[in-house]
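>>> Return atomic coordinates for the entry below.
(2 chains)
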Number of protein chains: 2
Amino acid sequence: MSKEIKGSTPKSDGFRMPAEFEPQDEIFMIWPYRTDNWRNAAEPAQKQFADVAKAISKFENVTMLAAHDQYENCRAQLPADIRVIETSSDDAWCRDSGPTFLIDGKGGRRAVNWTFNAWGGLVDGLYFPWNDDELIAQKICEITRTDYYRTEGFVLEGGSFHVDGEGTVLTTEMCLLSKGRNPDMSKQEIEHMLCEYLNCEKVLWLKDGIDPNETNGHIDDVACFIRPGEVCCIYTEDKSHPFYEASQDALKRLSCMTDAKGRQLKVHKLCCTKNPIFMEGAETIDHVCGSKIRQNGDLCIASYANFLICNNAVIVPQYDDENDELALSQIRDMFPDRNVVGVHTREIVYGGGNIHCITQQVPLNQVPLKRI
Amino acid sequence: MSKEIKGSTPKSDGFRMPAEFEPQDEIFMIWPYRTDNWRNAAEPAQKQFADVAKAISKFENVTMLAAHDQYENCRAQLPADIRVIETSSDDAWCRDSGPTFLIDGKGGRRAVNWTFNAWGGLVDGLYFPWNDDELIAQKICEITRTDYYRTEGFVLEGGSFHVDGEGTVLTTEMCLLSKGRNPDMSKQEIEHMLCEYLNCEKVLWLKDGIDPNETNGHIDDVACFIRPGEVCCIYTEDKSHPFYEASQDALKRLSCMTDAKGRQLKVHKLCCTKNPIFMEGAETIDHVCGSKIRQNGDLCIASYANFLICNNAVIVPQYDDENDELALSQIRDMFPDRNVVGVHTREIVYGGGNIHCITQQVPLNQVPLKRI
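Residues are numbered from 1 along each chain as shown, chains lettered A, B, ... in the order given. So this is what the prediction gives:
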C-alpha cells in the first residue's frame, strides 16, 4: 500500500516537509532492546521510552514499533491508548531510521526514505549490521499507506536537519560533510539534495554539533526552529562546559543568518545542564563486535534542545540537573501557547540520544479551507 | 491503541458480527513460509497466496502480514497497492488465528480475540508451539486500532462458524465438540458463548465437516450463508467421492432448518471437484517434531465452498478440475450482483486450507443514514 515514486522529486511534485510545529497526525517510536547499547538489558531505558510515549500520548496518537521478542513486554509496559506494532529494528532511533514525511497542502502525503547507514557505515557507524533499521522507513510508510521517494545512495538521518516549513533547512557541516555518509558529494550537491527532497530554497550551515563521536554532530542537540524566523540554540557561559565552544559558535552564526524568506533569525537561548553528565553503569552493557563501546566516564550528550514539538505541547528532556527548571521555563517562554512537559531521560542519554532522536512525527495532511 | 474490554460481552454492548456479504473495509492475510507444512519451501504456495491477494485487491484493500525473514520477499512478490506489515506467525491461516470483527451500526467497531490452539492443542493440533499465531488477533486489533473482547480459555477458530448477520450461527459438531478445544463445556454452554460473542440468537448445527484430521471439520469447507435465509452447500451424487456422505448429510439437515428469524433456509447446491485431489510432492516438506506429517496420497480438502465474499466480488478456488467452470457458474447464479473470480489454489490446498481459511475481513463500520 505504499509505492516508491520514481523519476521525480518532492520539489517537482509540490510536496514539502512541514515544520515540526505544524499540526501532526501521529508520532512513531521504536522500542529499545539491544543489550550492547543500553545498560541493564535496556530495562531502565524501556521505562523512560514508555514515559516519553505516555507524555506524548496525552496530546497525540503514538505508535510504538517493537521487535518480535519484545512485543509482549512492550505491550505490557505501555497503556492501551498507545498502539504497538511488531517491527524488527537494530536500535531505537526513529528520528534517524524513520521516514521524513511530506505534505502538499491538498490532501496528499508522501515521505522520503533516506538511505540509512547507522551514522557512518563502515567508516564510523555505531553498529553493524543495520539492515533492519534500513527497512524501518519503508515499513512505517506501509503502515501509514504512504508513497515514498527513495534516495538510494544518499545517506541522511532525520536528526541531522531541521526545517522551518517555509523553505529553510538548518544543518551542520560536521555531520553532513562527514566521511561516513556521502564522501563523494560536494557541499553544493548535498544542498541540492536537501532542497529537492525537503522542498526548500536555502540551507543554513552550522559548523559543529556536540557529539562528534556519536551522530557526528546532529543539529537536533544544538538548535531548532520554534516558528518561522525564530530558532532556539543551546547556550552556556561556562567555559569549562564541554558544549561551550560548539554552542557559542552556533549562537554566533545563527545570529547573523537570514532564512529563505529573507528574515534575520531571532535566536532564543536555551541553557545547558549545569553539570555535564557522564556514563555510569557501563559494566552492564554487553560487548559485541561491531558496536560502539560505552564506558564509564564517557561524556553523555544531555542537551535540553533535543525536545519534541507535538500538537499543543513540547516534550522536554530532564536530567535531575540544577538547570532542569530553567530549561523548562525558557522553553515555556518560547512556546507560550503549548504545554511544556518535562520527562526524565537520563537512561536514553546513556544510550546516545534523547526525545527528539527517538520520535518521528507524521504531519497532519491538511486540506486548506476554501476562501469565500 | 486497542484495549481488552472486560466485564461485558458483545451482546450486552450491542455489537454483532456482520455477515461476510455485508460491506467490508479491508482483508487481512498472512504470508506462508513454514517448510514443514508447505512443499518446496513454501514458494509455490506463496505465489498462490499472492494470486489470491491480487484478486481481492481489485475490489478491496488487502493487508498481508509477513514475518521478519519473509518481509522483503513478500513485499517483492506483491504489487504496491497491497499493504505489507511485519508480523510474526506460526502459519498462514488468518481466518482462524485472526480476530472476528464486530460492529454496532453506530460507528463503533470491536473484535473478539478467541483463544487459538492450532486446531486441537496437545490433543490433535497441527503444530507446536503456536504462540505467535495466538498473538495474531491482538496484533491485527492493534494495527486497526480496534478494542477487543478476549475469551480466555474458550477455543474457537473463525473458520469453524458462519453467521448470517441476523442472529444465526452455522457450525459443526465435529469441530466445536471436539476433544482438543473445549472438552469441559456442554453443547449448551458452547451455544451460549457463540450467541454472546457473535450476538446471535440461534445456532444451527451440522454434524460433520469434510476434514476430520485437519481442522476437525470446519464449516467453511461445507456450507455458508450467501444472504439472509439462503445458504450454499457442497453437493455430489458420486457415492465414491470422499465428501459424499458429509455433503449429503449437510444438505439434508440444512434443508429442514429455520434461521433465527424463523425463515426456512433456501439451500443452493455447489458441486465438488470431479476428481478428488491427493497430496503430491510431499517429499519436499521438512519433517519437524510436533507438526502434522503430510504424505503423498493424502486426501486434500479441495472444496469450492471455501470462497471469500468481499466487496462486489466472490473469490473462488480453482483446481484445474473438470468441475471448475461448473462451480464458478453455480456461484455466479448465487451472487448475480457480484464479480465471481476464480483463483488456482491447489498449492494452498496441499497446505491444508483454501481462500476462506487464509483471509479475514474487517467489516465497514457503517453509520446508518438518518431517516427523514
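>>> Show me which residues of chain A sit near chain B.
By Cβ under 8 Å from any Cβ of the partner chain, the part of chain A that sits against chain B consists of A:1-4, A:61, A:63, A:68, A:71-72, A:75, A:80-88, A:132, A:135, A:138-139, A:142-143, A:145. To be clear about C-beta, it is placed using only N, CA and C from the backbone, and glycine gets the same treatment.
>>> switch to 7 Å and redo it
Listed as neighbours of chain B in chain A under the rule Cβ under 7 Å from any Cβ of the partner chain: A:1-3, A:68, A:71, A:80-88, A:135, A:139, A:142-143, A:145.
>>> Buried subset of those residues, written for PyMOL?
In PyMOL syntax, the buried subset of those is picked out as below (16 or more other Cβ atoms under 10 Å in any protein chain shown):
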select buried, chain A and resi 1+2+68+71+82+83+84+85+86+87+88+135+139+142+143
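>>> Name the helix or strand of chain A that has the lowest mean pLDDT.
Every helix and strand of chain A was ranked by mean pLDDT, DSSP states H and E. The lowest is strand A:147-155, at a mean of 94.
>>> OK, contacts around the residue in the stretch 151-300 of chain A that chain B sits nearest to?
Using Cβ to the nearest Cβ, the closest approach of the stretch 151-300 of chain A to chain B is made by A:Glu152 at 15.2 Å. A:Glu152 makes contacts with A:Thr115, as judged by Cβ atoms under 7 Å, 6 or more residues apart in numbering or on different chains.
>>> Off-centre distance for the least confident helix or strand of chain A?
What separates the centre of strand A:147-155 from the centre of its chain is 18 Å, taken as Cα atoms, centre = their mean, to the nearest Å.
>>> Quickly run through the sheet partners of that strand, with directions.
Strand pairing for strand A:147-155, using DSSP bridges, gives strand A:4-5 (parallel), strand A:109-115 (parallel).
>>> Kindly present those strands as CSV, with separate columns for distance to B:Arg263 and mean pLDDT.
Below are the strands paired with strand A:147-155 laid out as CSV (distance: least, Cβ to Cβ, whole Å; pLDDT from 0 to 100):
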stretch, distance to B:Arg263, mean pLDDT
strand A:4-5, 52, 96
strand A:109-115, 48, 98
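>>> would you list those strands in JSON lines and tack on distance to A:Asp249 and mean neighbour count?
Output for the strands paired with strand A:147-155, formatted as JSON lines (distance: least, Cβ to Cβ, whole Å; neighbours: other Cβ atoms under 10 Å in any protein chain shown):
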{"stretch": "strand A:4-5", "distance to A:Asp249": "38", "mean neighbour count": "15"}
{"stretch": "strand A:109-115", "distance to A:Asp249": "27", "mean neighbour count": "23"}
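>>> among those, which is nearest B:Gly159?
strand A:4-5 (36.0 Å; Cβ to Cβ).
>>> how distant is the closest one from the center of its chain?
Offset of strand A:4-5 from its chain centre (Cα atoms, centre = their mean): 24 Å.
>>> Skip the chain neighbours and tell me the closest residue to A:Ala327.
The shortest distance from A:Ala327 to any non-neighbouring residue, by Cβ to Cβ, 6 or more residues apart in numbering or on different chains, is to A:Tyr304 (3.9 Å).
>>> same question, A:Trp114
That would be A:Leu156: by Cβ to Cβ, 6+ apart, it lies 4.2 Å from A:Trp114.
>>> now swap in A:Thr171 and tell me
According to Cβ to Cβ, 6+ apart, the nearest residue to A:Thr171 is A:Phe161 (4.4 Å).
>>> ok so, going back, so of the residues of chain A next to chain B, which ones are in helices?
A:Tyr71, A:Leu135, A:Lys139, A:Glu142, A:Ile143 (DSSP state H).
>>> Check the spatially closest residue to the fourth one that is not a sequence neighbour and give its pLDDT.
It refers to A:Glu142. Closest residue to A:Glu142 in three dimensions, ignoring its sequence neighbours and counting by Cβ to Cβ, 6+ apart: A:Ser2, at 5.1 Å. Note on A:Ser2: pLDDT of 88.
>>> likewise A:Ile210?
pLDDT, A:Ile210: 97.
>>> show me what contacts it?
A:Asp221, A:Val222, A:Phe243, A:Ala246, A:Ile301, A:Ser303.
>>> Is it correct that the first one is in contact with A:Glu214?
No. Counting by Cβ atoms under 7 Å, A:Glu214 is not a contact partner of A:Asp221; they are 9.1 Å apart.
>>> who has more neighbours, the two?
Neighbour count, other Cβ atoms under 10 Å in any protein chain shown: between A:Asp221 and A:Glu214, A:Asp221 has more, with 28 against 23.
>>> which non-adjacent residue is nearest the more buried one?
For A:Asp221, the spatially nearest residue (Cβ to Cβ, 6+ apart) is A:Ser303, at 4.1 Å.
>>> coming back round to it: can you name the next helix or strand after the least confident helix or strand of chain A?
strand A:161-163 (DSSP states H and E).
>>> Name the SS class of the residue nearest to A:Ala327, please.
Assigned with DSSP: H, G, I helix; E, B strand; the rest coil, A:Tyr304 falls in the coil class.
>>> give me every residue that touches it.
A:Leu270, A:Cys271, A:Val316, A:Pro317, A:Ala327.
>>> Can you list the residue ranges for helices in the stretch 101-250 of chain A?
Assigned by DSSP state H, counting those that start in this stretch, the helices in the stretch 101-250 of chain A fall at A:121-124, A:131-143, A:173-176, A:187-198, A:244-255.
>>> tell me the angle the longest one makes with strand A:109-115.
Computed with axes from the mean of the first three to the mean of the last three Cα atoms, to 10 degrees, the direction of helix A:131-143 lies at 170 degrees from that of strand A:109-115.
>>> Got the confidence number for A:Cys372?
That one is not Cys; residue A:372 is Ile. 54.
>>> Specify the helix with the largest residue count in chain A.
Chain A, longest helix under DSSP H: helix A:43-57.
>>> Show me which residues of that helix are buried.
Here helix A:43-57 shows A:43-46, A:48-57 as buried, counting by 16+ other Cβ under 10 Å.
>>> Now tell me what touches that helix from outside.
Here helix A:43-57 makes contact (Cβ under 7 Å, 6+ apart) with A:27, A:29, A:31-32, A:38, A:62, A:64, A:77-79, A:81-82, A:92, A:308, A:310, A:315, A:341, A:343-345, A:347-348, A:351, A:355, A:358.
>>> again, but for stretch A:262-272
Under Cβ under 7 Å, 6+ apart, the answer for stretch A:262-272 is A:226, A:229-236, A:241, A:243, A:247, A:251, A:254-255, A:257-259, A:303-305, A:323, A:326-327, A:330-331, A:334.
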